[in-house]
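Student: Below is the structure, and that's it, no one-letter string:
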């Protein structure tokens, strides 16, 4: 059986250069604000993961299926349609915090926002902190 090759890996590409490629000036502005919030709250330097995810910190996961890899503890991506925020999945605290987060939608792994002004920045900081604590406990 072929070993699964992880697509999203940490790269040496410049986060700032990536943000500068974001077409919408408003989304670019939000990306710089998110960069500051995530760095200050997580305590980790931003790294580009794959072509478009700005991640902070990392952890190694291993599933019962044997699949394993590395992923950022938290992150975001200023995509064309919406801004994707990456927090730990499976944490019950996340769902409670999202109730007071503001205007967003949630997928399995991502929380999507249109713009930073739509959400509560203090709740965002809590989501970042809780996600890191949860993942460090799950994958020591």
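Tutor: Right, received. Where do you want to start? What you see is a predicted model; the values in this text were computed from it and never measured.

Student: Helices along the protein, start to end?
Tutor: 15-20, 25-42, 92-98, 121-138 (DSSP state H).

Student: Turn these into JSON lines, columns for mean neighbour count.
Tutor: Every residue, glycine included, has its C-beta placed from N, CA and C. As requested, the helices of the chain are exported to JSON lines (neighbours: other CB atoms under 10 Å):
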{"stretch": "helix 15-20", "mean neighbour count": "15"}
{"stretch": "helix 25-42", "mean neighbour count": "17"}
{"stretch": "helix 92-98", "mean neighbour count": "14"}
{"stretch": "helix 121-138", "mean neighbour count": "17"}
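
Student: which one of those lies closest to residue 107?
Tutor: Each of these was scored for nearness to residue 107 using CB to CB, and the closest is helix 92-98 (12.0 Å).

Student: still on that earlier bit, please identify the one among the helices of the chain that comes closest to residue 52.
Tutor: Here helix 15-20 is closest among those (CB to CB), at 7.1 Å.

Student: For the closest one, which outside residues touch it?
Tutor: 28, 31-32, 35, 46-48, 52, 54, 78 (CB atoms under 8 Å, 6 or more residues apart in numbering).

Student: any idea how far residue 21 lies from residue 31?
Tutor: 10 Å (CB to CB, to the nearest Å).
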